[in-house]
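Novice: After the sequence you'll find the predicted model.
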Amino acid sequence: MATLRAVVIGSGIGGLTTAAALHRSGWQVTVLERAPSLEPVGSGISLAPNAQRALDVIELGDEVRALAAWQGDGGMRTPKGRWLARTDSTAAAERFGGPLVLLHRSALIGLLRTRLPEDAVRTGTPARLVDPGRPGGSPAIVGTDSGEIEADLVIGADGIGSAVRAELFPRHPGPAYSGFTTWRVLAPGTGRAFSSHETWGRGELWGSHPLKDGGIYAYAAAVAPAGERVADEKAELVRRYGDWHDPIPSIIDSVEPDQVLRHDVYQLTDPLPSFHRGRTVLVGDSAHAMLPSLGQGGNQAIEDAVVLVHHVTPGGDLGAGLAAYSADRHPRTTAMVRKAVRISRMTGLSGAPAVALRDGLMSAVARFGPGLVLRTFDGICDWQPPQRTYAAGARGGRTAGP
(Lines give C-alpha, C1' and ligand atoms only; values in the text may rest on other atoms or scores of the structure.)
Protein backbone atom coordinates (compact mmCIF):
# COMPACT_ATOMS: atom_id res chain seq x y z
CA MET A 1 0.00 0.00 0.00
CA ALA A 2 1.35 3.40 -1.00
CA THR A 3 2.15 5.85 1.77
CA LEU A 4 -0.59 8.43 2.20
CA ARG A 5 0.30 12.12 2.35
CA ALA A 6 -1.19 14.62 4.77
CA VAL A 7 -0.64 18.37 4.71
CA VAL A 8 -1.22 20.36 7.89
CA ILE A 9 -1.75 24.10 7.46
CA GLY A 10 -0.66 25.76 10.71
CA SER A 11 1.88 24.78 13.35
CA GLY A 12 0.12 25.65 16.58
CA ILE A 13 -0.61 23.07 19.25
CA GLY A 14 -3.51 21.54 17.33
CA GLY A 15 -1.58 21.37 14.06
CA LEU A 16 1.59 19.88 15.54
CA THR A 17 -0.29 17.37 17.70
CA THR A 18 -2.23 16.23 14.65
CA ALA A 19 0.96 16.03 12.60
CA ALA A 20 2.74 14.00 15.29
CA ALA A 21 -0.19 11.61 15.63
CA LEU A 22 -0.50 11.17 11.85
CA HIS A 23 3.23 10.51 11.49
CA ARG A 24 3.05 7.92 14.27
CA SER A 25 0.12 6.28 12.45
CA GLY A 26 2.09 5.88 9.22
CA TRP A 27 1.19 8.98 7.23
CA GLN A 28 3.74 11.10 5.40
CA VAL A 29 3.20 14.54 6.93
CA THR A 30 4.09 18.06 5.83
CA VAL A 31 3.38 21.04 8.08
CA LEU A 32 3.15 24.44 6.40
CA GLU A 33 3.56 27.48 8.65
CA ARG A 34 3.26 31.08 7.53
CA ALA A 35 5.48 32.47 10.32
CA PRO A 36 9.26 32.41 9.87
CA SER A 37 9.77 30.10 12.86
CA LEU A 38 7.95 27.86 15.32
CA GLU A 39 8.84 30.09 18.26
CA PRO A 40 5.47 30.77 19.92
CA VAL A 41 4.55 33.95 21.71
CA GLY A 42 5.57 33.93 25.36
CA SER A 43 2.82 32.36 27.40
CA GLY A 44 1.91 29.27 29.36
CA ILE A 45 -0.69 26.59 28.82
CA SER A 46 -2.71 24.58 31.31
CA LEU A 47 -3.26 20.95 30.39
CA ALA A 48 -6.16 19.24 32.09
CA PRO A 49 -6.33 15.45 32.53
CA ASN A 50 -8.35 15.05 29.33
CA ALA A 51 -5.58 16.60 27.20
CA GLN A 52 -2.89 14.68 29.05
CA ARG A 53 -4.66 11.40 28.27
CA ALA A 54 -4.75 12.42 24.61
CA LEU A 55 -0.99 13.09 24.70
CA ASP A 56 -0.49 9.70 26.36
CA VAL A 57 -1.88 8.13 23.18
CA ILE A 58 1.13 9.45 21.25
CA GLU A 59 3.46 8.62 24.16
CA LEU A 60 4.13 12.25 25.02
CA GLY A 61 2.19 12.63 28.26
CA ASP A 62 4.95 11.55 30.62
CA GLU A 63 7.43 13.98 29.06
CA VAL A 64 4.93 16.82 29.37
CA ARG A 65 4.25 16.05 33.03
CA ALA A 66 7.99 15.92 33.72
CA LEU A 67 8.35 19.51 32.48
CA ALA A 68 5.17 20.86 34.01
CA ALA A 69 4.14 22.20 37.38
CA TRP A 70 1.28 20.41 39.07
CA GLN A 71 -1.17 23.18 39.87
CA GLY A 72 -1.65 22.88 43.59
CA ASP A 73 -4.32 24.15 45.94
CA GLY A 74 -5.57 27.63 45.21
CA GLY A 75 -8.88 29.15 44.37
CA MET A 76 -10.86 32.24 43.52
CA ARG A 77 -10.41 35.62 45.23
CA THR A 78 -11.74 39.15 45.28
CA PRO A 79 -9.47 42.06 44.27
CA LYS A 80 -8.89 42.80 47.97
CA GLY A 81 -7.68 39.24 48.51
CA ARG A 82 -10.65 37.55 50.20
CA TRP A 83 -10.99 33.91 49.19
CA LEU A 84 -14.34 33.18 47.56
CA ALA A 85 -13.65 29.51 46.92
CA ARG A 86 -10.71 27.20 47.55
CA THR A 87 -9.67 24.43 45.20
CA ASP A 88 -8.33 21.05 46.30
CA SER A 89 -5.80 19.67 43.82
CA THR A 90 -5.88 16.20 45.37
CA ALA A 91 -9.66 16.02 45.10
CA ALA A 92 -9.48 17.19 41.49
CA ALA A 93 -6.85 14.58 40.59
CA GLU A 94 -8.92 11.84 42.22
CA ARG A 95 -12.11 12.93 40.48
CA PHE A 96 -10.63 13.34 37.00
CA GLY A 97 -7.83 10.77 37.04
CA GLY A 98 -4.90 13.18 37.10
CA PRO A 99 -3.73 16.68 37.96
CA LEU A 100 -4.03 19.94 36.11
CA VAL A 101 -0.52 20.88 34.98
CA LEU A 102 1.02 24.07 33.64
CA LEU A 103 4.04 24.54 31.39
CA HIS A 104 5.53 26.96 28.91
CA ARG A 105 3.74 26.82 25.57
CA SER A 106 7.15 26.81 23.90
CA ALA A 107 8.08 23.64 25.80
CA LEU A 108 5.02 21.82 24.48
CA ILE A 109 5.69 23.05 20.93
CA GLY A 110 9.27 21.82 21.24
CA LEU A 111 8.22 18.35 22.40
CA LEU A 112 5.72 17.99 19.60
CA ARG A 113 8.36 19.04 17.06
CA THR A 114 10.64 16.21 18.21
CA ARG A 115 7.98 13.72 17.09
CA LEU A 116 8.30 14.79 13.45
CA PRO A 117 11.05 14.30 10.86
CA GLU A 118 13.37 17.28 10.45
CA ASP A 119 12.07 18.08 6.96
CA ALA A 120 8.38 17.75 7.88
CA VAL A 121 7.91 21.37 8.97
CA ARG A 122 8.25 24.23 6.50
CA THR A 123 8.23 27.65 8.11
CA GLY A 124 7.87 30.90 6.18
CA THR A 125 5.45 29.09 3.88
CA PRO A 126 2.02 30.67 3.49
CA ALA A 127 -0.47 28.11 2.22
CA ARG A 128 -4.01 28.18 0.86
CA LEU A 129 -6.56 25.50 0.14
CA VAL A 130 -7.09 25.34 -3.62
CA ASP A 131 -9.34 22.26 -3.73
CA PRO A 132 -10.68 20.26 -0.75
CA GLY A 133 -10.61 17.08 -2.80
CA ARG A 134 -13.04 14.19 -2.78
CA PRO A 135 -12.64 10.90 -0.83
CA GLY A 136 -12.37 8.07 -3.30
CA GLY A 137 -11.69 10.58 -6.04
CA SER A 138 -9.56 13.64 -6.67
CA PRO A 139 -6.85 14.64 -4.17
CA ALA A 140 -6.93 17.82 -2.14
CA ILE A 141 -4.69 20.58 -3.45
CA VAL A 142 -2.80 23.11 -1.36
CA GLY A 143 -1.18 26.13 -2.97
CA THR A 144 2.11 27.67 -1.86
CA ASP A 145 4.40 30.31 -3.34
CA SER A 146 6.60 27.52 -4.72
CA GLY A 147 3.81 25.51 -6.28
CA GLU A 148 0.87 23.25 -5.55
CA ILE A 149 0.89 20.15 -3.33
CA GLU A 150 -1.47 17.21 -3.80
CA ALA A 151 -2.57 15.50 -0.60
CA ASP A 152 -4.71 12.59 0.47
CA LEU A 153 -5.72 14.63 3.52
CA VAL A 154 -5.48 18.32 4.44
CA ILE A 155 -5.81 19.55 8.02
CA GLY A 156 -6.80 23.15 8.58
CA ALA A 157 -5.11 24.18 11.83
CA ASP A 158 -4.72 27.84 10.96
CA GLY A 159 -6.46 29.31 13.97
CA ILE A 160 -9.35 31.61 14.71
CA GLY A 161 -9.03 33.49 11.42
CA SER A 162 -8.80 30.25 9.45
CA ALA A 163 -8.66 30.72 5.69
CA VAL A 164 -9.21 26.97 5.29
CA ARG A 165 -12.49 27.23 7.21
CA ALA A 166 -13.58 30.15 5.05
CA GLU A 167 -12.85 28.12 1.93
CA LEU A 168 -14.79 25.08 3.18
CA PHE A 169 -17.77 27.04 4.53
CA PRO A 170 -17.90 30.41 2.74
CA ARG A 171 -21.41 31.22 4.03
CA HIS A 172 -20.47 30.83 7.67
CA PRO A 173 -20.30 34.24 9.44
CA GLY A 174 -16.92 33.45 10.98
CA PRO A 175 -15.59 34.54 14.38
CA ALA A 176 -17.30 37.17 16.52
CA TYR A 177 -15.74 39.47 19.10
CA SER A 178 -16.51 38.23 22.61
CA GLY A 179 -16.39 41.63 24.31
CA PHE A 180 -13.22 40.69 26.20
CA THR A 181 -9.61 41.69 25.68
CA THR A 182 -6.80 39.75 27.37
CA TRP A 183 -3.23 40.26 28.53
CA ARG A 184 -0.62 37.53 29.15
CA VAL A 185 2.79 37.69 30.78
CA LEU A 186 5.58 35.31 31.70
CA ALA A 187 7.15 36.81 34.80
CA PRO A 188 10.49 35.85 36.39
CA GLY A 189 8.94 35.29 39.82
CA THR A 190 8.59 37.41 42.92
CA GLY A 191 10.80 35.32 45.24
CA ARG A 192 7.80 34.48 47.42
CA ALA A 193 5.63 31.38 47.27
CA PHE A 194 1.93 31.87 46.55
CA SER A 195 -1.09 29.76 45.68
CA SER A 196 -2.54 29.67 42.19
CA HIS A 197 -5.53 31.94 42.02
CA GLU A 198 -8.01 33.58 39.72
CA THR A 199 -9.34 36.90 40.97
CA TRP A 200 -12.66 38.27 39.74
CA GLY A 201 -13.42 41.96 39.88
CA ARG A 202 -16.00 44.14 38.18
CA GLY A 203 -15.75 43.25 34.50
CA GLU A 204 -12.09 42.28 35.03
CA LEU A 205 -10.15 39.24 36.16
CA TRP A 206 -6.56 38.24 36.88
CA GLY A 207 -4.94 34.80 37.17
CA SER A 208 -1.48 33.93 38.58
CA HIS A 209 0.10 30.47 38.44
CA PRO A 210 3.62 29.31 39.42
CA LEU A 211 5.70 27.48 36.80
CA LYS A 212 8.08 24.63 37.54
CA ASP A 213 11.16 26.74 36.75
CA GLY A 214 10.23 29.32 39.38
CA GLY A 215 8.62 31.73 36.95
CA ILE A 216 5.01 32.80 36.85
CA TYR A 217 2.38 32.64 34.16
CA ALA A 218 -0.22 35.38 34.61
CA TYR A 219 -3.14 36.52 32.54
CA ALA A 220 -5.81 39.18 32.76
CA ALA A 221 -9.07 39.90 30.98
CA ALA A 222 -11.43 42.84 30.87
CA VAL A 223 -14.55 43.96 29.10
CA ALA A 224 -13.36 46.43 26.44
CA PRO A 225 -14.13 47.59 22.89
CA ALA A 226 -12.54 45.57 20.10
CA GLY A 227 -9.26 46.98 18.86
CA GLU A 228 -8.64 49.24 21.85
CA ARG A 229 -4.91 49.61 22.53
CA VAL A 230 -2.62 51.87 24.56
CA ALA A 231 1.01 52.83 24.00
CA ASP A 232 2.17 51.10 27.21
CA GLU A 233 0.25 47.93 28.05
CA LYS A 234 2.21 47.44 31.28
CA ALA A 235 0.98 50.83 32.43
CA GLU A 236 -2.53 49.72 31.53
CA LEU A 237 -2.14 46.66 33.76
CA VAL A 238 -0.94 48.91 36.60
CA ARG A 239 -3.95 51.17 36.09
CA ARG A 240 -6.41 48.30 36.15
CA TYR A 241 -4.81 45.84 38.59
CA GLY A 242 -2.07 47.72 40.46
CA ASP A 243 -4.12 48.00 43.67
CA TRP A 244 -5.31 44.37 43.66
CA HIS A 245 -4.05 41.87 46.23
CA ASP A 246 -0.53 40.43 46.34
CA PRO A 247 1.24 39.09 44.36
CA ILE A 248 -0.48 40.86 41.45
CA PRO A 249 1.31 44.25 41.77
CA SER A 250 4.68 42.51 42.18
CA ILE A 251 4.11 40.38 39.09
CA ILE A 252 3.24 43.41 36.99
CA ASP A 253 6.28 45.27 38.32
CA SER A 254 8.61 42.38 37.40
CA VAL A 255 7.91 42.42 33.64
CA GLU A 256 9.09 44.79 30.95
CA PRO A 257 6.50 46.66 28.86
CA ASP A 258 7.42 44.74 25.70
CA GLN A 259 6.76 41.42 27.47
CA VAL A 260 3.06 42.15 27.91
CA LEU A 261 0.95 40.50 25.22
CA ARG A 262 -2.53 41.79 24.47
CA HIS A 263 -5.13 40.15 22.26
CA ASP A 264 -8.84 40.59 21.76
CA VAL A 265 -10.80 37.36 22.22
CA TYR A 266 -12.90 36.07 19.35
CA GLN A 267 -15.07 32.98 19.28
CA LEU A 268 -17.12 30.91 16.84
CA THR A 269 -20.52 31.72 18.28
CA ASP A 270 -22.32 29.97 15.43
CA PRO A 271 -21.28 26.30 15.13
CA LEU A 272 -20.02 25.09 11.79
CA PRO A 273 -22.28 22.61 9.95
CA SER A 274 -19.43 20.09 10.04
CA PHE A 275 -15.71 19.95 10.68
CA HIS A 276 -14.84 18.51 7.26
CA ARG A 277 -15.58 18.65 3.56
CA GLY A 278 -14.02 16.47 0.92
CA ARG A 279 -10.53 15.42 2.00
CA THR A 280 -10.10 18.48 4.21
CA VAL A 281 -10.75 18.69 7.95
CA LEU A 282 -10.51 21.35 10.68
CA VAL A 283 -8.98 21.07 14.14
CA GLY A 284 -8.65 23.42 17.12
CA ASP A 285 -9.62 27.08 16.89
CA SER A 286 -10.24 26.71 13.15
CA ALA A 287 -13.17 24.46 14.02
CA HIS A 288 -14.45 25.64 17.39
CA ALA A 289 -12.69 28.70 18.82
CA MET A 290 -13.96 29.25 22.36
CA LEU A 291 -13.53 31.70 25.19
CA PRO A 292 -10.70 30.88 27.63
CA SER A 293 -13.04 30.80 30.65
CA LEU A 294 -12.88 26.97 30.82
CA GLY A 295 -9.17 26.80 30.02
CA GLN A 296 -9.97 24.24 27.33
CA GLY A 297 -9.03 25.82 24.00
CA GLY A 298 -5.67 24.10 23.55
CA ASN A 299 -6.90 21.00 25.38
CA GLN A 300 -9.70 20.52 22.87
CA ALA A 301 -7.28 20.94 19.97
CA ILE A 302 -5.19 18.10 21.40
CA GLU A 303 -8.30 15.95 21.77
CA ASP A 304 -9.21 16.73 18.14
CA ALA A 305 -5.85 15.43 16.97
CA VAL A 306 -6.00 11.98 18.52
CA VAL A 307 -9.69 11.47 17.66
CA LEU A 308 -9.06 12.45 14.04
CA VAL A 309 -6.11 10.10 13.66
CA HIS A 310 -8.09 7.30 15.31
CA HIS A 311 -10.66 7.59 12.51
CA VAL A 312 -8.38 8.11 9.48
CA THR A 313 -6.19 5.06 9.64
CA PRO A 314 -4.21 4.29 6.47
CA GLY A 315 -6.15 1.77 4.38
CA GLY A 316 -9.48 2.78 5.89
CA ASP A 317 -12.41 4.59 4.32
CA LEU A 318 -11.34 8.23 4.49
CA GLY A 319 -14.81 9.66 3.88
CA ALA A 320 -16.34 7.53 6.62
CA GLY A 321 -13.45 8.36 8.93
CA LEU A 322 -13.83 12.11 8.51
CA ALA A 323 -17.58 11.86 9.02
CA ALA A 324 -16.99 9.89 12.21
CA TYR A 325 -14.55 12.55 13.42
CA SER A 326 -17.09 15.32 12.88
CA ALA A 327 -19.79 13.25 14.59
CA ASP A 328 -17.50 12.69 17.60
CA ARG A 329 -16.15 16.19 18.00
CA HIS A 330 -18.93 18.54 16.88
CA PRO A 331 -21.38 17.97 19.76
CA ARG A 332 -18.67 18.00 22.43
CA THR A 333 -16.95 21.18 21.31
CA THR A 334 -20.21 22.99 20.57
CA ALA A 335 -21.33 22.33 24.14
CA MET A 336 -17.93 23.54 25.38
CA VAL A 337 -18.19 26.81 23.43
CA ARG A 338 -21.60 27.48 24.97
CA LYS A 339 -20.49 26.61 28.49
CA ALA A 340 -17.50 28.93 28.20
CA VAL A 341 -19.87 31.74 27.23
CA ARG A 342 -22.04 31.14 30.30
CA ILE A 343 -19.03 31.34 32.62
CA SER A 344 -17.69 34.46 30.89
CA ARG A 345 -20.97 36.24 31.55
CA MET A 346 -20.26 35.96 35.27
CA THR A 347 -16.76 37.38 34.90
CA GLY A 348 -18.12 40.20 32.76
CA LEU A 349 -20.50 41.49 35.42
CA SER A 350 -19.63 45.06 36.38
CA GLY A 351 -22.52 46.44 38.42
CA ALA A 352 -21.87 46.44 42.17
CA PRO A 353 -25.12 44.61 43.13
CA ALA A 354 -24.60 41.91 40.48
CA VAL A 355 -20.96 41.39 41.49
CA ALA A 356 -21.90 41.16 45.17
CA LEU A 357 -24.57 38.55 44.36
CA ARG A 358 -22.13 36.57 42.19
CA ASP A 359 -19.44 36.57 44.89
CA GLY A 360 -21.96 35.56 47.54
CA LEU A 361 -23.19 32.65 45.46
CA MET A 362 -19.63 31.48 44.81
CA SER A 363 -18.84 31.58 48.53
CA ALA A 364 -22.04 29.69 49.35
CA VAL A 365 -21.32 26.96 46.80
CA ALA A 366 -17.74 26.60 48.09
CA ARG A 367 -19.02 25.82 51.60
CA PHE A 368 -20.40 22.52 50.32
CA GLY A 369 -16.84 21.33 49.58
CA PRO A 370 -14.72 20.87 46.47
CA GLY A 371 -17.02 18.27 44.92
CA LEU A 372 -19.70 20.79 44.04
CA VAL A 373 -17.19 23.18 42.49
CA LEU A 374 -15.44 20.41 40.55
CA ARG A 375 -18.75 19.24 39.14
CA THR A 376 -18.46 22.14 36.69
CA PHE A 377 -15.80 20.13 34.87
CA ASP A 378 -17.59 16.79 34.83
CA GLY A 379 -17.82 15.62 31.24
CA ILE A 380 -14.80 17.76 30.34
CA CYS A 381 -11.75 16.73 32.34
CA ASP A 382 -12.85 13.09 32.69
CA TRP A 383 -12.91 12.53 28.92
CA GLN A 384 -11.25 9.35 27.67
CA PRO A 385 -9.55 9.00 24.25
CA PRO A 386 -10.73 6.31 21.83
CA GLN A 387 -7.30 4.64 22.00
CA ARG A 388 -5.73 3.17 25.09
CA THR A 389 -3.09 5.35 26.75
CA TYR A 390 0.56 4.68 27.40
CA ALA A 391 1.35 6.77 30.48
CA ALA A 392 3.70 5.26 33.04
CA GLY A 393 1.57 3.97 35.90
CA ALA A 394 -1.69 4.38 33.96
CA ARG A 395 -4.59 2.23 35.06
CA GLY A 396 -7.80 1.75 33.17
CA GLY A 397 -6.93 4.52 30.72
CA ARG A 398 -6.36 7.05 33.51
CA THR A 399 -3.04 8.79 33.82
CA ALA A 400 -0.98 8.96 36.92
CA GLY A 401 0.11 12.30 38.32
CA PRO A 402 3.74 13.44 38.26
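Specialist: Received, thanks. Residues are numbered from 1 along each chain as shown.

Novice: now the closest residue to A20 other than its chain neighbours, what's its secondary structure?
Specialist: Excluding the flanking residues, the one nearest A20 by C-beta to C-beta, 6 or more residues apart in numbering is R115, at 3.8 Å. No exception for glycine: its C-beta is placed from N, CA and C like everyone else's. At R115 the chain is in coil, as set by DSSP: H, G, I helix; E, B strand; the rest coil.

Novice: Next, the closest residue to F377 other than its chain neighbours: phi, psi?
Specialist: Once flanking residues are discounted, F377 sits nearest to F96: 6.9 Å by C-beta to C-beta, 6+ apart. Main-chain torsions, F96, degrees, to the nearest 10: phi -110, psi 0.

Novice: so the residue nearest to A20 makes contact with T18?
Specialist: No: under the criterion of C-beta atoms under 8 Å, R115 is not in contact with T18, lying 11.1 Å apart.

Novice: ok, the two, which is more surrounded?
Specialist: Between R115 and T18, counted using other C-beta atoms under 10 Å, T18 has the larger neighbour count: 30 against 18.

Novice: Tell me the predicted confidence for that one.
Specialist: On the pLDDT scale, T18 is placed at 98.

Novice: Give the residue spans of the stretch 151-300 of the chain that score low on pLDDT.
Specialist: Within the stretch 151-300 of the chain, no stretch has pLDDT under 70.

Novice: Please enumerate the helices of it.
Specialist: Assigned by DSSP state H, counting those that start in this stretch, the stretch 151-300 of the chain shows helices spanning 163-168, 233-241, 248-254, 285-288, 297-311.

Novice: Next, format those helices as CSV and append mean neighbour count and distance to V31.
Specialist: Formatted as CSV, these follow (neighbours: other C-beta atoms under 10 Å; distance: least, C-beta to C-beta, whole Å):
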stretch, mean neighbour count, distance to V31
helix 163-168, 21, 14
helix 233-241, 18, 31
helix 248-254, 19, 35
helix 285-288, 28, 14
helix 297-311, 26, 12
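
Novice: shouldn't T280 be in contact with V154?
Specialist: Yes: counting by C-beta under 8 Å, T280 touches V154, with 4.3 Å between them.

Novice: Mutual contacts of those two, please.
Specialist: Among the neighbours of T280, those also in contact with V154 (C-beta atoms under 8 Å, 6 or more residues apart in numbering) are L129, P132, G133, A140, V164.

Novice: got a list of what the second one touches?
Specialist: For P132, the set of contacting residues under the criterion of C-beta under 8 Å, 6+ apart consists of A140, V154, E167, L168, R277, G278, R279, T280.

Novice: Tell me the spacing between the closest residue in space to the fourth one that isn't next to it in sequence and S326.
Specialist: The spatially closest residue to L168, leaving aside those adjacent along the chain, is R277, at 4.7 Å (C-beta to C-beta, 6+ apart). R277 is 10 Å from S326, where distance means C-beta to C-beta, to the nearest Å.

Novice: quick one: which of the contacts of P132 has the most company?
Specialist: V154 (32 neighbours).

Novice: Distance-wise, check that residue relative to G371.
Specialist: Applying C-beta to C-beta, the value for V154 to G371 is 44 Å.
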